[in-house]
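Novice: Sharing a model prediction with you, sequence too.
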Amino acid sequence: MTFSFDLALAWLDLAGIFFFAVSGSLLAARKQFDVIGSLLLASLVSLGGGVIRDIILNSGPPAAFSNPAYLVPPLLATGLVYFLFSSVQRFTSLLILFDAAGLALFCITGTLKALSFGINPVAAVLLGVTTAVGGGLLRDITANEVPQLFDARDLYALPAFTGAALTAVLWLLGAFNALSACAVAALVFAFRVVAWRRSWRIPLAVRGWHRLGLEPGNSRGRN
C-alpha cells in the first residue's frame, strides 16, 4: 500500500468512526445512560467493526489501539450529543442517518483493507460487511435492543453487501478512486435510508411464514 492510500483509508475510517459513534451516543441518550455509558457505547459501535477486521487480517495491534487518533471521534461524538441532544431528541431518524453514514464508509474501508492485504475478492467483501455491521451488532446487544442486523422489518446487511461488492469490483477494474468511493458511499447511504423510510423487506427464512411470527401449524400470529 502507498502512503496516500494509507492516509485516505485512515481518513475514511475516522469519518466512519465519528458517524457510528454519534449513533451510539444517541442510543445511549435514548436509553438514559450516563455520560460514561454514552462514551463506552459510542466507542463500542465505532471501533468494534474495525477491531474485528484487524484481528481477522492478523495485521498487528488493531488500529483502534495503535493510533490515538481513533479515540478522538468517540469523545467528540459523546460531547456533541451531551450538549446538543436536548434540542434534537425528537428527531429519532438522526440515529438511522448517522448509522447509515457509518455503514456506508465502513463497508468500503473494510473491503479495501482486506484487498490491500491480498485477500481474495469474495472474502474481502465478506470482511467489508463484517466491518460495517459488527459495531452496530455490538451496540444493539449491549443496549438490550433487537439488533438491526436481525430485524426482519429492516434492511441492514444488504446495503453493506452492495457497497462492499461495488468496492471490490471497482478495485479489480482499476477504477476505484476518490470520486468512485464517494459515489459508492452515497449509494449505500441512500439505499439504507430509503429502505428504512419505505419499510422495504426481504423474504423470511422459510417461504410461507408470515412476518408477525406465525409459524406452520400455529393458527395464531403474535401481536
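Specialist: Okay, I see it. Since we're looking at a predicted model, the values are computed, not measured.

Novice: Helices of the protein, residue ranges please.
Specialist: 3-30, 35-57, 63-66, 72-88, 93-116, 121-142, 157-172, 178-197 (DSSP state H).

Novice: who touches the fourth one?
Specialist: Looking back up the chat, that one is helix 72-88. Residues from elsewhere that reach helix 72-88, judged by Cβ atoms under 8 Å, 6 or more residues apart in numbering: 14, 17-18, 21-22, 24-26, 28-29, 35, 38-39, 42-43, 46-47, 94. In short, each C-beta sits where N, CA and C put it, glycine included.

Novice: which stretches of this structure have low pLDDT?
Specialist: By pLDDT under 70, the low-scoring segments of the chain are 1-4, 86-92, 208-223.

Novice: just to revisit the earlier point, most tightly packed of the helices of the chain?
Specialist: helix 93-116 (a mean of 25; mean count of other Cβ atoms under 10 Å).

Novice: Let me know whether residue 181 touches residue 12 as I believe.
Specialist: Yes - the criterion here is Cβ atoms under 8 Å, and residue 181 meets it with residue 12 at 7.4 Å.

Novice: Quick check: neighbours shared by those two?
Specialist: Shared contacts of residue 181 and residue 12 (Cβ under 8 Å, 6+ apart): residue 108.

Novice: quick one: residue 107 from residue 144, how far?
Specialist: Look at residue 107 and residue 144: by Cβ to Cβ, to the nearest Å, they are 26 Å apart.

Novice: again, but for residue 198
Specialist: 27 Å.

Novice: wait, what's in contact with the residue lying closest to residue 146 once chain neighbours are set aside?
Specialist: Closest residue to residue 146 apart from its sequence neighbours, by Cβ to Cβ, 6 or more residues apart in numbering: residue 140 at 6.8 Å. Applying Cβ under 8 Å, 6+ apart, we find residue 140 in contact with 27, 146, 147, 148, 149.

Novice: ok, these vs residue 129, which is closest?
Specialist: residue 149 (9.9 Å; Cβ to Cβ).

Novice: Tell me how many other residues crowd the closest one.
Specialist: Per other Cβ atoms under 10 Å, the neighbour tally for residue 149 reads 17.

Novice: Repeat that for the one 4 residues further on.
Specialist: Around residue 153 there are 11 other residues, counting by other Cβ under 10 Å.

Novice: So it sits against residue 200, correct?
Specialist: No - contact status for residue 153 versus residue 200: not in contact, 9.7 Å apart, counting by Cβ under 8 Å.

Novice: Out of the helices of the chain, which gets nearest to residue 204?
Specialist: helix 157-172 (14.3 Å).

Novice: now the angle between helix 93-116 and that closest one, please.
Specialist: Using axes from the mean of the first three to the mean of the last three Cα atoms, to 10 degrees, one finds that helix 157-172 and helix 93-116 are set 40 degrees apart in direction.

Novice: got the CA positions of helix 157-172 in PDB?
Specialist: Extracted in PDB, the C-alpha atoms of helix 157-172 (Å, rounded to 0.1, in the frame of the first residue of the first chain):
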ATOM      1  CA  ALA A 157     -26.700  -6.000   5.800                       C
ATOM      2  CA  LEU A 158     -27.900  -5.800   2.200                       C
ATOM      3  CA  PRO A 159     -26.800  -2.200   1.700                       C
ATOM      4  CA  ALA A 160     -23.400  -3.100   3.200                       C
ATOM      5  CA  PHE A 161     -23.100  -6.100   0.800                       C
ATOM      6  CA  THR A 162     -23.900  -3.800  -2.100                       C
ATOM      7  CA  GLY A 163     -21.200  -1.300  -1.100                       C
ATOM      8  CA  ALA A 164     -18.600  -3.900  -0.400                       C
ATOM      9  CA  ALA A 165     -19.200  -5.700  -3.700                       C
ATOM     10  CA  LEU A 166     -19.100  -2.500  -5.700                       C
ATOM     11  CA  THR A 167     -15.800  -1.500  -4.000                       C
ATOM     12  CA  ALA A 168     -14.300  -4.900  -4.800                       C
ATOM     13  CA  VAL A 169     -15.400  -4.700  -8.500                       C
ATOM     14  CA  LEU A 170     -14.100  -1.100  -8.900                       C
ATOM     15  CA  TRP A 171     -10.800  -2.200  -7.300                       C
ATOM     16  CA  LEU A 172     -10.400  -5.100  -9.600                       C
END
